Structure formats: structure tokens, C-alpha cells
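Colleague: my questions are about this predicted structure, shown below with the sequence.
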Amino acid sequence: MKKGEIIDRTGENYITNEGYTVEIIEYFGALDCTIQFDSGLILKNKNYKNIEKGSIKNPYHKSVLNIGFIGEGDYGSKTHFKIYTTWRNMLKRCYCEKEQLINPTYIECSVAEEWYNFQVFAEWFNRNYVADWYLDKDILVKGNKLYSPETCQFVPNEVNNLFKKVHNTDKKATGIFYRKDRNRYSVNYRGHHRLYKSFEEAFQAYKTAKEVYTKEVANKWQGKITEKTYQALINYQVEITD
């Protein structure tokens with residue numbers, strides 16, 4: 001090879017660190033290679049040194065819990081770190097056993113397949129995000145276990161906290177605790193502190209207190225939250241399974 005002569009590396013094959021085979025199908029120089037994955041995916045403008053080292057990423061590689069992938073688009077895990085963290089944490093709540101041991105309320109929860117692609121979730125996030133609000137899946141559809149564009153929204157922390165579940169010791173209902181020392185059921189919610197002889201009495205007291213407070217919060221945020229969210233809060237009814 002003569003000095004200064006460009007080696008045509010077209011046709012060379014390499015294995016990426018993720019385990020994919022790639023072929024250089026166009027070579028315009030060390031800084032401008034077009035590669036094709038064994039799946040047929042084509043990526044342009046790749047650095048030959050990165051190809052050689054195997055550091056080229058497949059945007060459809062399921063890098064998060066063997067489910068989520070970055071995809072092709074404008075959003076990166078580093079350039080859009082807040083969105084990426086929200087997306088990754090959502091997937092962890094649904095598909096990470098260790099996470100569910102800490103918070104069992106997410107057992108049987110899932111994420112819509114379209115949101116496995118980070119690009120799709122990121123676009124939805126940008127259209128709907130309100131600064132300092134929280135991703136919620138529980139308000140619009142009661143008993144919902146699916147994170148999806150139709151069931152999720154962003155809400156202020158005060159609204160989000162209305163639907164956080166805290167399991168009690170006897171597992172009968174959130175917000176009611178059995179006091180063995182008094183042989184009574186205790187309700188301690190937003191200024192309502194009383195003991196009741198029966199679980200049924202305690203539940204009715206808790207139900208009334210929480211429904212009143214939920215309406216108060218709805219009216220406080222009316223005009224800032226969506227009308228669908230407001231109506232869901234106003235019409236919310238506490239059940240034993242909540």
C-alpha cells in the first residue's frame with residue numbers, strides 16, 4: 001500500500017460488544033463508514049475505530065431489563081438524562097424483582113409495548129411534562145396497572161400522594177390499622193384520629209375522610225390539572241382494595 005492511499009474496508013465484518021455482527025457496506029474513510037447489522041439495520045457516519053473496538057451500539061438492543069431500548073431519534077440517555085431516568089425507573093418498577101420486593105404495589109404492573117422504545121416515551125414526555133410534577137398511572141383509570149399514553153399523566157406531588165399505597169399489618173385496607181393493645185381498629189388520616197370496635201366502622205370513617213380530602217385537593221388544583229383529572233378526583237370513591 002502506498003503512503004496516503006485509503007484502504008477500502010468495504011465488506012469487513014466485526015462483532016460488537018453487545019454481540020451483534022456488523023458489516024461495513026460503504027467506506028468513505030475512517031470517520032465515515034456505513035454499517036449493516038445482521039438484522040438488516042443500517043447506520044451511517046460511523047467511526048471505523050469504534051467499529052473495530054466493538055463499541056458501536058445497536059439502538060434496538062434491549063439494554064434496560066432486557067425490555068427497553070433507546071431506539072433511533074433525537075433523544076439520548078445522557079443528553080436527556082431526566083427523561084431517561086423517568087423511563088428507566090418506570091421499567092424497573094414493573095420488571096425488576098428486587099424493586100418489587102421493596103414496593104410490592106407494582107407487582108403485575110406493566111408498560112405498553114410502544115414505551116419500550118425510549119424515543120416514543122421521550123416524545124410523549126416532552127408533550128406532557130410539567131416542571132416538578134410526577135408521572136402518575138392511577139388516577140385516570142381506577143385500579144390501573146398499565147403505564148401507557150392513555151393511562152398516564154403528570155400531576156403535582158399533592159395529587160400524586162393521594163394514591164400512594166401504604167400496606168398495613170393486617171392487609172385488609174390501606175389507612176386502617178389494628179391496635180392489638182386496645183383491641184380496636186385505628187384510623188389516622190388527615191386529622192381524623194379515632195379507634196373503632198369493628199373493621200367495618202373504621203373503614204367507613206376512613207372512606208369518608210379520604211373522599212372529602214380528595215375533593216378538597218381537586219378543587220385546589222382545578223384549572224391547573226386537566227379536566228379529566230379533576231373529574232376523576234371529584235368522583236373518586238374509596239374501596240377496601242385501594
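Modeller: That came in fine, so what should we check first?

Colleague: only C-alpha atoms from now on, for both contacts and neighbour counts.
Modeller: Fine.

Colleague: I'd like to know which elements the helix ranked longest in the chain is packed against.
Modeller: If you go by DSSP state H, the chain has its longest helix at helix 199-221. Here helix 199-221 touches helix 157-160, strand 176-179, strand 184-189, strand 192-196, helix 227-234, going by 3 or more CA pairs under 8 Å, 6 or more residues apart in numbering; DSSP states H and E.

Colleague: wait, which of these is closest to Thr241?
Modeller: Nearest to Thr241, of all these, is strand 176-179, at 11.9 Å by CA to CA.

Colleague: what pairs with the closest one, parallel or antiparallel?
Modeller: strand 184-189 (antiparallel) (DSSP bridges).

Colleague: re the thing from before, contacts for the longest helix of the chain, please.
Modeller: Residues from elsewhere that reach helix 199-221, judged by CA atoms under 8 Å, 6 or more residues apart in numbering: 158-159, 162, 173, 175-176, 185-187, 189-190, 192, 195-196, 230, 233-234, 236-240.

Colleague: and the strands in the protein?
Modeller: Counting by DSSP state E, the chain has strands at residues 13-15, 21-27, 33-37, 42-46, 110-111, 134-136, 146-147, 153-155, 176-179, 184-189, 192-196.

Colleague: can these go into TSV with extra columns for mean pLDDT and mean neighbour count?
Modeller: Shown next, in TSV, are those (pLDDT from 0 to 100; neighbours: other CA atoms under 10 Å):
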stretch	mean pLDDT	mean neighbour count
strand 13-15	98	17
strand 21-27	98	20
strand 33-37	98	21
strand 42-46	98	16
strand 110-111	98	18
strand 134-136	96	19
strand 146-147	98	20
strand 153-155	97	23
strand 176-179	89	20
strand 184-189	90	20
strand 192-196	91	15
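
Colleague: now distance to Ala205 too, for those, in a markdown table please.
Modeller: Shown next, in a markdown table, are the strands of the chain (distance: least, CA to CA, whole Å):
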| stretch | distance to Ala205 |
| --- | --- |
| strand 13-15 | 64 |
| strand 21-27 | 64 |
| strand 33-37 | 62 |
| strand 42-46 | 62 |
| strand 110-111 | 33 |
| strand 134-136 | 27 |
| strand 146-147 | 30 |
| strand 153-155 | 27 |
| strand 176-179 | 10 |
| strand 184-189 | 7 |
| strand 192-196 | 8 |
